[in-house]
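Got a sequence here, can you model it:
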Amino acid sequence: MTDPGRHWFDDEAGPVVRPYAMTRGRTRGVNQHRLDLIALVVAESAAEDPVWEQTLSPEHADILALCRSRAQSVAELAAELDLPVGVIRVLIGDLVEDELVHVSRPVPPAELPDESILREVIDGLRAL
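The predicted structure is shown next:
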């Protein structure tokens, strides 16, 4: 048996919040497709309104603060905020729904130019 006076976390860690509490139990954002790890998140101009700082959760506000200075990938946000990627995806989905951020998804490999065409362009530039 454990000592009833012992905490299940140490004092340095502070209070622990479960990831599902941050997303209210959701595993996907509303009307959102799965976000790629390299998708870039950029804050919209509407995010500058100070009213949002008071109405958003601390995690949402942290994402906005990071995305105001420069575009951040989903993976960068998860690493910087020390949160699971699944939680970050749901929180970003909330911000997209509120039109506070814009997500630029990477170009699918099928839409990228063929490597042979790129090599021909490079060869043509070298010939100049």
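
those strands in this protein, which residues are they?
For the chain, the strands defined by DSSP state E occupy 40-43, 72-73, 101-104.

how about CSV for those, with mean neighbour count added?
(Glycine included, C-beta is placed from N, CA and C.) CSV is the format used below for the strands of the chain (neighbours: other CB atoms under 10 Å):
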stretch, mean neighbour count
strand 40-43, 19
strand 72-73, 20
strand 101-104, 18
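
any chance of these in CSV, with mean pLDDT too?
Below are those laid out as CSV (pLDDT from 0 to 100):
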stretch, mean pLDDT
strand 40-43, 90
strand 72-73, 91
strand 101-104, 88
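
Out of these, flag the one nearest residue 87.
Taking CB to CB, strand 40-43 is the member of those nearest to residue 87, at 14.1 Å.

That closest one pairs with which strands?
strand 72-73 (antiparallel), strand 101-104 (antiparallel) (DSSP bridges).

Turn the strands of the chain into a markdown table, columns for distance to residue 112.
Compiled in a markdown table, the strands of the chain are given as follows (distance: least, CB to CB, whole Å):
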| stretch | distance to residue 112 |
| --- | --- |
| strand 40-43 | 17 |
| strand 72-73 | 18 |
| strand 101-104 | 15 |
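
The strands paired with strand 40-43: which one's closest to residue 59?
Residue 59 lies closest, by CB to CB, to one member of those: strand 101-104, at 13.2 Å.

Contacts for the closest one, please.
35, 39-44, 47, 63-64, 67, 71, 92, 95-96 (CB atoms under 8 Å, 6 or more residues apart in numbering).

Which of these ranks first by neighbour count?
The residue in those with the most neighbours, by other CB atoms under 10 Å, is residue 63 (27 neighbours).

ok, now which ones touch residue 66?
Contacts of residue 66 (CB under 8 Å, 6+ apart): 72, 76-77, 80-81.

Separate out the buried members of these.
Using 16 or more other CB atoms under 10 Å as the burial test, the contacts of residue 66 include 72, 76-77, 81 as buried.

low-confidence ranges in this structure?
Low-confidence segments of the chain (pLDDT under 70): 1-34, 47, 50-53, 109.
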